[in-house]
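**Student:** here you go, sequence then predicted model.
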Amino acid sequence: MTAHYIYRCSSCGTDFSADEIESRFHYLCPRCGRLEKNQPLRGVLTIWYDYGQIKKSISRAEFLRLPAGQMWRYPYLWPLKPGRDGSGFEGISARQLHLLNLSAEVYHLRYQKQAFLALDDTRNPTFSYKDRASILVALKALQTGIGEISAASTGNAGSSLAGICARLGLTARVWVPENIPPAKLLQIQSYGAQVHVVRGGYDAAFDLSLEIGAQRGWYNRNTAYNPLTIEGKKSAAFDLFIRTGGELPEMIFVPVGDGVIIAGVYKGLLELRQLGWIERLPRLIAVQAQGSDALVRFLHKGAFTYQPASTLADSISAGAPRNLYLAAEAVRQTNGQALAVSDRQILTAQQILAREMGILVEPAAAAAFAGYLRLREEKELGRGMKYAVLLTGNGLKDVAALEQWNALPQARSAQEWKAFFQEE
């Protein structure tokens, strides 16, 4: 049976059938794809569907009535074999699918009298946005009969893959840099993954995972390299669409490291427009850490120059963003912008979210809010407009960052505490 989707190269524009790509396990474009050390990927593949046919099968109003966080409710928008009755996926049980539900909550928040929305991915199965990609990759592995999946990660992608694989009975092999936060390493190990610690940064782990994974025949989940990682992350656009009743915000603030989240969100928005369900695309605001600002520099200079990354926001630390070119396209095509914030601004944003809104996020997620705060302070946010911030990871994933603005309380005896309160 012919698949209901095709692959398209983002560099040369060539279309490929699903069989051409998947039967040979191509991850990049067979014609122009290039993977070079400390360079963005060339020939990243994207996935496209028959939107005219989809429009005939479901209306905008019907889609808006679907529950957020349950991607399997619209199988026609995923590169998987659908179930026989047109719902769910072939070979995947309802029990398994329900194990993969996402939180997808959208909060209506306010800071200093200005309202904004926050898409909360901190309560997903493994507490991060990365579950959106891992779920799709793992389901594809199940349908193709593959039992082992490999990935390089600074923490979240690895713990996500490990947790999702544990839920579905698959084996995860995770390659991590030696500076991975201990809390994230423990999470990966606790899910039962095979962990391979690499001396060097994320880029070294990325390259090694591909080399050894290819030798061993493991399915690869590496960010941008596997096109399903971009595809899986588009679901945030659908969840925002559903949660807002189709009234999307004018701006969406996205933390950017490798560039896959922003490319995924952009892909989802493009599909909503292709289906005729929205008329305009929200502006995508890419927020990077100053010590890992390759996208900001690329958009400013028009060329990529490798610089080692250094930031406490490890989840967006990437000297060579593998999906740089699609991330840049997402910013340009939505009339958005890219900006960099300092580690100090990230910690301040993290503190505000925790102490004034009760949401504990890791530094990478706080970066998106720091970008919102910066544009607000620069008076670039108009009144009466809607804004959304993507909160992509739970704060307990990086306890060391929390320790930077939380002093250890002093222990006192009962008598000392009584004396303390008597003096007040």
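**Tutor:** Good, I have the coordinates.
**Student:** which of the helices or strands spans the spatially most central residue of the chain?
**Tutor:** Nearest residue to the geometric centre of the chain (Cα atoms, centre = their mean): Ile261, 4.1 Å. If you go by DSSP states H and E, Ile261 is part of helix 260-274.
**Student:** list the buried residues for that helix?
**Tutor:** For helix 260-274, a neighbour-count test (16 or more other Cβ atoms under 10 Å) marks 260-272 as buried. Just so you know, the C-beta spots here come from the backbone N, C-alpha and C atoms, and that holds for glycine as well.
**Student:** make CSV out of these and add pLDDT and distance to Ala68.
**Tutor:** Listed next are those as CSV, based on pLDDT from 0 to 100; distance: Cβ to Cβ, whole Å:
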residue, pLDDT, distance to Ala68
Val260, 97, 21
Ile261, 98, 17
Ile262, 98, 20
Ala263, 98, 21
Gly264, 98, 16
Val265, 98, 15
Tyr266, 98, 19
Lys267, 98, 18
Gly268, 98, 13
Leu269, 98, 16
Leu270, 98, 19
Glu271, 98, 16
Leu272, 98, 14
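**Student:** picking up where we left off before, which helices and strands does the helix holding Ile261 pack with?
**Tutor:** If contacts are counted by 3 or more Cβ pairs under 8 Å, 6 or more residues apart in numbering; DSSP states H and E, helix 260-274 sits against helix 131-144, helix 227-232, helix 235-243, strand 251-255, strand 283-289, helix 324-333.
**Student:** ok, which stretches of the stretch 101-250 of the chain are helices?
**Tutor:** 131-144, 156-168, 182-190, 202-216, 227-232, 235-243 (DSSP state H, counting those that start in this stretch).
**Student:** those helices: lowest mean pLDDT?
**Tutor:** Comparing mean pLDDT across the helices of the stretch 101-250 of the chain, the weakest is helix 202-216, with a mean of 87.
**Student:** what about the nearest residue to Leu391 once chain neighbours are set aside, which helix or strand?
**Tutor:** Spatial nearest neighbour of Leu391, chain neighbours left out: Ala365 (4.6 Å); criterion: Cβ to Cβ, 6 or more residues apart in numbering. Using DSSP H and E, Ala365 sits in helix 363-377.
**Student:** let's see whichever helix or strand comes after that helix as CSV, backbone CA atoms only.
**Tutor:** Next in sequence after helix 363-377, counting helices and strands by DSSP H and E, comes strand 387-391. Extracted as CSV, the C-alpha positions of strand 387-391 are listed here (Å, rounded to 0.1, in the frame of the first residue of the first chain):
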residue,chain,number,x,y,z
TYR,A,387,2.0,35.9,23.4
ALA,A,388,2.9,32.4,24.2
VAL,A,389,6.0,31.0,25.9
LEU,A,390,7.1,27.3,25.5
LEU,A,391,8.1,25.9,28.9
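**Student:** now strand 387-391 and helix 363-377, what's the angle there?
**Tutor:** Angle of strand 387-391 versus helix 363-377, following axes from the mean of the first three to the mean of the last three Cα atoms, to 10 degrees, is 160 degrees.
**Student:** what is the helix or strand just after strand 387-391 packed up against?
**Tutor:** Sequence order places helix 399-403 as the next helix or strand after strand 387-391, per DSSP H and E. Here helix 399-403 touches helix 182-190, helix 343-357, going by 3+ Cβ pairs under 8 Å, 6+ apart.
**Student:** quick check: buried residues in the next helix or strand after helix 399-403?
**Tutor:** Next in sequence after helix 399-403, counting helices and strands by DSSP H and E, comes helix 414-423. Buried residues in helix 414-423, counting neighbours by 16+ other Cβ under 10 Å, are absent.
**Student:** which residues are in contact with helix 414-423?
**Tutor:** The contact list for helix 414-423 (Cβ atoms under 8 Å, 6 or more residues apart in numbering) reads Arg412.
**Student:** pull out the buried positions in the helix or strand of the chain with the lowest mean pLDDT.
**Tutor:** The least trusted helix or strand in the chain, going by mean pLDDT, DSSP states H and E, turns out to be helix 202-216, with a mean of 87. Buried residues in helix 202-216, counted by 16+ other Cβ under 10 Å: Tyr202, Asp203, Ala204, Ala205, Phe206, Asp207, Ser209, Leu210, Gly213.
**Student:** which pLDDT value belongs to the closest residue to Gln290 other than its chain neighbours?
**Tutor:** Distance criterion Cβ to Cβ, 6+ apart; nearest residue to Gln290, sequence neighbours excluded, is Ala340 at 4.5 Å. On the pLDDT scale, Ala340 is placed at 98.
**Student:** buried set for stretch 172-179?
**Tutor:** Quick answer for stretch 172-179 (16+ other Cβ under 10 Å): Ala172, Arg173, Val174, Trp175, Val176, Pro177.
**Student:** which pair in those residues spans the largest distance?
**Tutor:** Ala172 and Pro177 (16.9 Å; Cβ to Cβ).
**Student:** who's in contact with the least confident helix or strand of the chain?
**Tutor:** Counting by Cβ under 8 Å, 6+ apart, 35, 37-38, 148, 150-154, 173, 175-177, 196, 198, 220, 222-223, 225, 309, 317-320, 322 sit against helix 202-216.
**Student:** which among these end up buried?
**Tutor:** Listed as buried from those are 35, 148, 150-154, 173, 175-177, 198, 220, 222-223, 225, 309, 317-320, 322; burial here means 16+ other Cβ under 10 Å.
**Student:** which ones among those map onto strands?
**Tutor:** Glu148, Ser150, Ala151, Ala152, Arg173, Trp175, Val176, Pro177, Val198, Asn220 (DSSP state E).
**Student:** tell me which two in the residues you listed are the farthest apart.
**Tutor:** Glu148 and Pro177 (21.3 Å).
**Student:** sec struct for Asn335, please.
**Tutor:** When classified by DSSP: H, G, I helix; E, B strand; the rest coil, Asn335 comes out as coil.
**Student:** per-residue pLDDT of it, please?
**Tutor:** Looking at Asn335, its pLDDT is 98.
**Student:** just checking, what packs against the helix or strand hosting the residue nearest to Gln290?
**Tutor:** Ala340 is part of strand 337-341 when elements are defined by DSSP H and E. Packed against strand 337-341 by the contact rule (3+ Cβ pairs under 8 Å, 6+ apart) you find strand 283-289, helix 294-301, helix 363-377.
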